Each structure stands twice: as C-alpha cells, then as structure tokens.
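> how would this look folded up:
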Amino acid sequence: MRPKVTIRAALEEPRLLGGVLAGPTWFAWRVILIAAMGEPLHSDEKIIFKELTGRDAEPLERVDELWAVVGRRGGKTRAAATLAAYLAGFCDYSEALSLGERGLVLFVAQNQRAAAVAFGYAVGIFRSVPALEELIERETADTLALRNGIDLEVRAASFRGLRGVTAVAVIADEAAFWAVEGSVNPDSEILNAVRPSLATTRGPLLVISSPHARRGEVWTTYRRHYGTSGDPRVLVLQAASTTMNSSLPQSVVDRAIERDPAAASAEYLAQFRVDLEPFVSREVAEAAVDPGVFERPYMSDVLYHAFVDPSGGSHDSMTVGIAHAEKRTLVLDAVREFKPPFSPEAVVTEIADLLKRYHLSAVTGDRYGGEWPREVFTRHGVAHRISEHTRSEIYQNLLPELNSRNVALLDNQRLLTQLCGLERRTSRGGRDMIDHGPGSHDDLINSAAGALLLALPTTARDIDLGNLISVDAGPYEKLTHGLYVGWDQPRW
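Model prediction:
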C-alpha cells in the first residue's frame, strides 16, 4: 500500500476529506486516524493520544489493527467510513494486486443491514468529494466499484463467506456483540478468516464497537494490547462517547446512567460490563449432547411434557420442545423451530400434530400473546397452560441439572449455540436474570429448557397431571405414571 497523499493532508484539505471530520468535535478522531496511519503527531495531539490509548507515543508506522472501544454516539461509524474512503481512494495497491485482481474494502457486521450503515457513510463521502466521485465506476445496494480497481463491499460476519478474498481494509462493526466461543460462527473465527486477506496489501483491520461483556475478541484484545504493554502494531483506544463526540449532550448520558448504571457505563462510558457472565460453559453444554441423536421416537411407557414459545410470525421464531424423565436424567425428545415469516395458525397445526404423536393433549407456554395461544391450541384439541416460571427462572432451575450431567440434549447445533449464548445479568437490586445476549435469540432453548423442567417434579404440588398424562391413559395409570415412572423413588 502506497499513500498518494498523507491522511493528515487529506483531512486538512477541504477539496479532499477536510469537510468530513472537520472542527473541534472530531479532533480526537483525527488524532487516532493520523496515528494509525503511522504519521507523527503534534504536541497537543500527543496529549489526547495518550489519554485515549494509554501509550506514551504514537507508533510512527502503520498499524496492522486498530480497535476502537468507544461509547455509543461517539462517531465510530463516521470515522471508520472516513478511513475507508481514504484507503480506497487515496492509496495505491498496484504492487500488491495481481493483474485483473480487485482489492476489497470490506464492511462487516453481525448482519448485512448493520454493515450497510458504515458503507452508506462511505458512499456519501465519495459522492460529496469531487476527487472521489470521479473514481466511481458502478454502485449497487452493497457494492461501490471504483475505477482504480478497488471495491467497497458489504458482507455479513461469517467466517465461511469472508475467505478467499484480497482486502485492502476490513471494517468490523460492533464486534463486541458478535457471537463468541461456543457459537457456530464465533467472532474469533470471523476475524481469523479476514486477517490473511490483508496480508499482501498491508491494509488495516479496523474494529469499532461499544464494549459489552468481558469475553470475546474485543475484550481479549483490549486486555492484551491496551496501554504501553501492547503490541505496537495493534492500537487499542478506549473512550467515552463525549470524549470522541463533544457535541453529544451530557444530559443524555446522565439520564441513561440514572436509568441503568451498568448498561450506561458500557454504552456511553465505554466500560466493559462486570455484571454479565456466561450462563453455562461450553464444556458443560457439549457434555449434555447425545451425538448423532436428532430426535427420539415415542415410547408408550413414558410420560412426556411439552413447552411452547409462541410467536406472532413476523419477527421471532415459534418453537416447541418435548421431554421426559428417565431415572435421574432429563431427556429431550424433540424440538421444532418455525422461523418467520409464517402463519401462526398453520404452525400451531403442525405443533398439535407433533404433540399427538407423543400422546400429549396439553402444552405449557409463557404469557406471550394473551389469549390467542390458548384459543388456537384449543381448536386443535390441545390445552394451553401458562407456565408458573419466567424464562429466567426456567434457566436457573435447569442449571444444577446441567452441571450434574443429568440432562440429555439432542444433537442440534442451533440449540447448543443458544444455550451457550445465554447470559447471567445482575440487576440493580442484586437479582440474577438470565437471558440471551444482544442480537441473539433463545426461542429454541427456551422451549427445550421449559420441557425439561416440566420433566423434573420437585414436590407433588408442582405436578400438573393434566399436562403430563398421555391422551389415552386411565385414571389409575395417570396417577402411577405421574408419581413413579422414570424415577428410582419419589422425590417428595
């Protein structure tokens, strides 16, 4: 990579990028971008650089990676788009690209819609700067092709979809909220997939994110490389929203802190949250899986339990889980997930058919949707009952069984991913809450956990025989099955 103009000159020249990050509001970002490109800083800039990075001096060489841990509304996306425009429009990669090969500036986020935000900023910069606009050869919804052989492109964060390209820069947006270890598409694998694409061009990896929990690649990189002990070629900055964007009203931050100090400290003060931790370890979750078992057949001498997580069909999945107890083990027999969009009536029909295959005439669910789940299930001859437990309580009650290895899950990767993605959060009142992380889902594990918990009676009062019995069981059979089948002795 050979710059045609220094980034300092580009940011100062009104005919280039001088109007993009102009004024005192963007001073801190200009300092960081100049330092990241290996250019020297002025004396006043060195002060803010040390404040942001914990390092005594700028690197004086282009960094391989720039990690910006900055609060929301701190200008991360616009600054990243400005650097992308500079790298795509004002740098020469002819020596690094083969004949006919095109270099990519990749905008990567958890999904393409999120990645398109930074991409849209970059396109706006190209359209507003005449020297850059004349480079535009073709524009589509997710690609801006330039006449100099560089393409700006939007892609979802998938380690499989990011391999085999030649990139001149990669912008990774809100990486602290990507899936972490335990997922089928963890943040570590995504970043490992893009790093080789930058090897020949010497382009930077720019990771911009508000902080979240103390896990994942953003936390790991911050812990290893922030401050003087970090790798000189990996530059990490941490800054509150108002530090990077002085135009953000302090009153906005103050109100957020008053509402929820833990969340606001991450979102606006750029502090990693100490009130979050994984619900269950990957090792415990994997130990519960029966490899190669995707569904278990109905057995006539078993009492089954069903739990449903309803959905209106527009946004969230609708799921159902079926489970039973086998001695001291809680066994998951079947799970179904119906992804939106779908017809709720049609999905309930399929779920009712599945329940009847396991001789179940009732299902338990949460309080979603008011009366409609009860009404639509009743039309199919299935009683719908409201769970006495919240989903957080369901997870909390299931955890001892998981840790004791008393749970047998199905070989379902999505189920396992959702289980590993659950977070334990401590509320302001000191109460633990368990839920999925930002941008994640728990529809499938909620139904599975609910069914498994129903298979674990702790007192006779907790048993709802109407939900446990088989459709064709007689009164005596119902009672004896409800108390004894599948257990060495009663647990009450």
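
> and for the nearest residue to G75 once chain neighbours are set aside, the neighbour number?
Distances taken as Cβ to Cβ, 6 or more residues apart in numbering place N245 nearest to G75, at 4.6 Å, with adjacent residues excluded. Glycine gets a C-beta too; all of them are placed from N, C-alpha and C. Using other Cβ atoms under 10 Å, N245 has 22 neighbouring residues.

> what does Q413 give?
Neighbour number of Q413 under other Cβ under 10 Å is 10.

> from here on, call the first residue 40.
Let's use 40 as the start, then, which means that last one is Q452.

> do you know how far it is from P250?
Noted for Q452: a distance of 28 Å to P250, by Cβ to Cβ, to the nearest Å.

> ok, the residue lying closest to V386 once chain neighbours are set aside - contacts?
In space, and not counting its chain neighbours, V386 is closest to F377: 4.6 Å by Cβ to Cβ, 6+ apart. By Cβ atoms under 8 Å, 6 or more residues apart in numbering, the residues touching F377 are 350, 356-358, 386, 389.

> ok, 10 Å please
350, 352, 356-359, 383, 385-387, 389-390, 482 (Cβ atoms under 10 Å, 6 or more residues apart in numbering).

> can you check T45 too?
Residues in contact with T45 (Cβ under 10 Å, 6+ apart) are 51, 73, 76-78, 125, 129.

> now the helices: where do they sit in the stretch 290-439 of the chain?
300-306, 321-326, 383-396, 411-418, 430-442 (DSSP state H, counting those that start in this stretch).

> so which strand or helix has E228?
Element membership of E228 [criterion: DSSP states H and E] is helix 226-233.

> if we can go back for a sec, pick the one among the contacts of T45 closest to D103.
Nearest to D103 among the contacts of T45: G77, at 10.9 Å, using Cβ to Cβ.

> ok, and the closest non-adjacent residue to the residue nearest the centre of the chain?
For the chain, W217 is the residue whose C-alpha lies nearest the centre (Cα atoms, centre = their mean; 3.6 Å). Leaving aside its chain neighbours, W217 sits nearest to D226 (4.1 Å; criterion: Cβ to Cβ, 6+ apart).

> please report how far the one you found lies from I484.
20 Å.

> next one: W217
Noted for W217: a distance of 19 Å to I484, by Cβ to Cβ.

> which residue ranges form the strands in the stretch 390-531 of the chain?
According to DSSP state E, counting those that start in this stretch, the stretch 390-531 of the chain carries its strands in the segments 401-404, 422-425, 446-447, 461-465, 471-475.

> so of those strands, which one's packed in deepest?
Mean neighbour counts were compared across the strands of the stretch 390-531 of the chain using mean count of other Cβ atoms under 10 Å; the top stretch is strand 401-404, at a mean of 24.

> mind listing the strands for the stretch 140-289 of the chain?
Using DSSP E, counting those that start in this stretch, the strands of the stretch 140-289 of the chain run over 142-148, 175-178, 182-185, 189-195, 206-212, 244-248, 273-278.

> to M472, which of those lies closest?
Closest approach to M472 among those (Cβ to Cβ): strand 244-248, 23.3 Å.

> report the buried residues of stretch 345-364.
345-350, 352, 355-364 (16 or more other Cβ atoms under 10 Å).

> show me the residues you listed that map onto strands.
Filtering these for membership in strands, criterion DSSP state E, returns 345-348, 357-364.

> can you list those residues in JSON lines and add pLDDT?
As requested, these are exported to JSON lines (pLDDT from 0 to 100):
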{"residue": "A345", "pLDDT": "96"}
{"residue": "F346", "pLDDT": "96"}
{"residue": "V347", "pLDDT": "95"}
{"residue": "D348", "pLDDT": "91"}
{"residue": "M357", "pLDDT": "91"}
{"residue": "T358", "pLDDT": "94"}
{"residue": "V359", "pLDDT": "96"}
{"residue": "G360", "pLDDT": "96"}
{"residue": "I361", "pLDDT": "97"}
{"residue": "A362", "pLDDT": "97"}
{"residue": "H363", "pLDDT": "96"}
{"residue": "A364", "pLDDT": "94"}
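
> which pair in those residues spans the largest distance?
Among those, M357 and A364 lie farthest apart (Cβ to Cβ), at 25.3 Å.

> would you turn the helices of the stretch 290-439 of the chain into CSV with distance to A61 and mean pLDDT?
Output for those, formatted as CSV (distance: least, Cβ to Cβ, whole Å; pLDDT from 0 to 100):
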stretch, distance to A61, mean pLDDT
helix 300-306, 26, 85
helix 321-326, 47, 87
helix 383-396, 52, 93
helix 411-418, 54, 88
helix 430-442, 48, 90
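
> coming back round to it: dump the ones in strands among the buried residues of stretch 345-364 to a markdown table, plus distance to V44.
Shown next, in a markdown table, are these (distance: Cβ to Cβ, whole Å):
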| residue | distance to V44 |
| --- | --- |
| A345 | 66 |
| F346 | 62 |
| V347 | 61 |
| D348 | 56 |
| M357 | 55 |
| T358 | 55 |
| V359 | 60 |
| G360 | 60 |
| I361 | 65 |
| A362 | 65 |
| H363 | 70 |
| A364 | 71 |
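
> closest one to R111 out of the residues you listed, please.
Among these, and counting by Cβ to Cβ, the member closest to R111 is D348, at 30.0 Å.

> does the closest one touch N485 like I think?
Yes - applying Cβ atoms under 10 Å, one finds D348 in contact with N485, separated by 4.7 Å.

> joint contacts of those two?
Counting by Cβ under 10 Å, 6+ apart, the contacts common to D348 and N485 are 356, 358, 360, 404-405, 430.

> ok, so of those, who is nearest V332?
Nearest to V332 among the shared contacts of D348 and N485, with distances taken as Cβ to Cβ, is G360, at 14.5 Å.

> ok, G476 - contacts?
G476 makes contacts with 216-219, 251-252, 254-255, 315, 317-318, 460-462, 464, as judged by Cβ under 10 Å, 6+ apart.

> and this protein, what are its domains?
The record's domain parsing of the chain by automatic domain parsing lists 41-313, 321-522.

> okay, now the unreliable bits of the stretch 190-339 of the chain?
For the stretch 190-339 of the chain, the stretches flagged by pLDDT under 70 are 197-203, 218-224, 315.

> mind doing that once more with 80?
Along the stretch 190-339 of the chain, segments meeting pLDDT under 80 span 194-203, 217-225, 301, 313-317, 320-321.

> would you mind measuring from A124 to K115?
Relative to K115, and taking Cβ to Cβ, A124 is found at 15 Å.

> now P225
Using Cβ to Cβ, which is the criterion applied here, P225 is 22 Å from K115.

> which one of those two is surrounded by more residues?
Taking other Cβ under 10 Å, P225 and K115 do not tie; K115 has more neighbours (27 against 19).

> does that one really touch A214, like I thought?
No - using Cβ under 10 Å, K115 is not in contact with A214; the gap is 11.1 Å.

> so what sits against both of these two?
Counting by Cβ under 10 Å, 6+ apart, the shared contacts of K115 and A214 are 108, 246-249.

> now for those residues, which pair is the farthest apart?
It's V246 and S249 that sit farthest apart of these, by Cβ to Cβ, at 11.6 Å.

> shared neighbours, the two?
Jointly contacting V246 and S249 under the rule Cβ under 10 Å, 6+ apart are 107-108, 115, 213-215, 257.

> quick one: those as CSV, columns for distance to S167 too.
Output for the shared contacts of V246 and S249, formatted as CSV (distance: Cβ to Cβ, whole Å):
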residue, distance to S167
A107, 23
V108, 29
K115, 20
E213, 25
A214, 28
A215, 30
V257, 31
